[in-house]
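**Q** Prediction below, plus the sequence it came from.
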Amino acid sequence: MYILLINNLMFRLHFHFIHLIIQFTINISRTMRDFDDTVAQLPGAKHREEGAALAAELDQFQKKRGSGPRSLAEILPAVLSQ
């Protein structure tokens with residue numbers, strides 16, 4: 001009896017997990033399409049200018065955040081305090 005319940009539970013978890021992965025993939029695909037459509041609307045001369053501005057913003061974010069992996073013990077207190 002318990003084995004049937006466990007098998008049923010495992011099937012349901014697997015079913016929901018697969019659907020979650022599919023939904024995530026669809027959302028990423030749509031986001032990338034939207035991003036490509038947005039970039040296509042920029043005039044060619046603006047690509048380099050916008051790229052430089054985004055690179056500067058990314059550098060600023062990475063400096064604030066720090067680069068490289070960090071230990072969970074270092075990150076967890078900050079996350080839990082929020």
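**A** Everything's here; your move.

**Q** Show me what the mean pLDDT comes to for the top helix by length along the chain.
**A** Longest helix of the chain, by residue count under DSSP state H: helix 2-41. In this model, helix 2-41 has a mean pLDDT of 79.

**Q** again, but for stretch 59-73
**A** 77.

**Q** returning to what we had before: now the next helix or strand after the longest helix of the chain - C-alpha only, PDB.
**A** As assigned by DSSP states H and E, the chain's next helix or strand after helix 2-41 is helix 44-65. Written as PDB, here are the backbone C-alpha positions of helix 44-65 (Å, rounded to 0.1, in the frame of the first residue of the first chain):
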ATOM      1  CA  GLY A  44      22.900  50.400 -36.200                       C
ATOM      2  CA  ALA A  45      24.800  53.400 -35.000                       C
ATOM      3  CA  LYS A  46      23.300  53.100 -31.500                       C
ATOM      4  CA  HIS A  47      24.300  49.400 -31.000                       C
ATOM      5  CA  ARG A  48      27.900  50.400 -29.900                       C
ATOM      6  CA  GLU A  49      26.700  53.300 -27.700                       C
ATOM      7  CA  GLU A  50      24.100  51.200 -26.000                       C
ATOM      8  CA  GLY A  51      26.500  48.300 -25.600                       C
ATOM      9  CA  ALA A  52      29.100  50.600 -23.900                       C
ATOM     10  CA  ALA A  53      26.400  51.900 -21.500                       C
ATOM     11  CA  LEU A  54      25.200  48.400 -20.600                       C
ATOM     12  CA  ALA A  55      28.800  47.200 -20.100                       C
ATOM     13  CA  ALA A  56      29.500  50.100 -17.800                       C
ATOM     14  CA  GLU A  57      26.400  49.300 -15.800                       C
ATOM     15  CA  LEU A  58      27.300  45.600 -15.600                       C
ATOM     16  CA  ASP A  59      30.900  46.500 -14.400                       C
ATOM     17  CA  GLN A  60      29.400  48.800 -11.700                       C
ATOM     18  CA  PHE A  61      27.000  46.000 -10.600                       C
ATOM     19  CA  GLN A  62      29.800  43.400 -10.500                       C
ATOM     20  CA  LYS A  63      32.100  45.700  -8.400                       C
ATOM     21  CA  LYS A  64      29.300  46.300  -5.900                       C
ATOM     22  CA  ARG A  65      28.500  42.600  -5.800                       C
END
